[in-house]
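Trainee: just to be clear, the model below is a prediction. Sequence and coordinates:
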Amino acid sequence: MEVSNKKTFSRRKFVSVGLFLTLAVLVITAIVIQIFEALEEDLFIHLLTVTHIFTGLAFTVLSVLHIIMNWKPMMAYIKGKDIIVSREAIYASLLTLIAILIGILFFCVFLYE
């Protein structure tokens, strides 16, 4: 692997790479935690859970920085476009809402007895 000799530090590249890496860690730790959640007392699961939580916090901070750094381009893009909600966006929103509702119902019915 080769390291760039570029002198200036790019905050935009830092945030973008940081978002990608933290998202990758979040996905991997979430999958492993779900697979091995039966091992509640295991140190490995506790370590992964703590890693997942702190990586989630880093992802949140980097996401806010990303929005702040790209606010003007995002607003210019939105202002230049007619707001049209596609069928795909509606279906994706409905799927997300259904998944959230199923999760809440599952928690209320099966886990919170």
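Mentor: Arrived safely, thanks for sending. Note that the structure is a prediction, hence the values are computed from the model and not measured. Residues are numbered from 1 along each chain as shown.

Trainee: show me the contact partners of the lowest-mean-pLDDT helix or strand in the chain.
Mentor: When the helices and strands of the chain are compared on mean pLDDT, DSSP states H and E, helix 71-79 comes out lowest with a mean of 81. For helix 71-79, contacts defined as Cβ atoms under 8 Å, 6 or more residues apart in numbering pick out residue 67. All C-beta spots, glycine's among them, are computed from the backbone N, C-alpha and C.

Trainee: centre of the chain to the helix ranked longest in the chain, how far?
Mentor: In the chain, taking DSSP state H as the definition, the longest helix is helix 43-69. Remark: helix 43-69 is offset 8 Å from the chain centroid, using Cα atoms, centre = their mean, to the nearest Å.

Trainee: on that earlier part again, just want the angle from the least confident helix or strand of the chain to helix 43-69.
Mentor: For helix 71-79 against helix 43-69, the angle by axes from the mean of the first three to the mean of the last three Cα atoms, to 10 degrees is 70 degrees.

Trainee: by contact count, what packs against the following helix or strand past helix 71-79?
Mentor: Using DSSP states H and E, the helix or strand that follows helix 71-79 towards the C-terminus is helix 87-106. On a contact count with 3 or more Cβ pairs under 8 Å, 6 or more residues apart in numbering; DSSP states H and E, helix 87-106 meets no helix or strand.

Trainee: avg pLDDT for helix 87-106?
Mentor: Averaging pLDDT along helix 87-106 gives 85.

Trainee: give the buried residues for the longest helix of the chain.
Mentor: Across helix 43-69, burial judged by 16 or more other Cβ atoms under 10 Å covers 45, 48-49, 51-52, 55, 59, 62, 65-66.

Trainee: which stretches of this structure aren't confidently modelled?
Mentor: When residues are selected by pLDDT under 70, those of the chain lie in 1-6, 39-41, 83, 111-113.

Trainee: spit out the contact partners of the spatially most central residue of it.
Mentor: The residue lying closest to the centre of the chain (Cα atoms, centre = their mean) is residue 23, at 5.5 Å. Under the criterion of Cβ under 8 Å, 6+ apart, the neighbours of residue 23 are residue 59.
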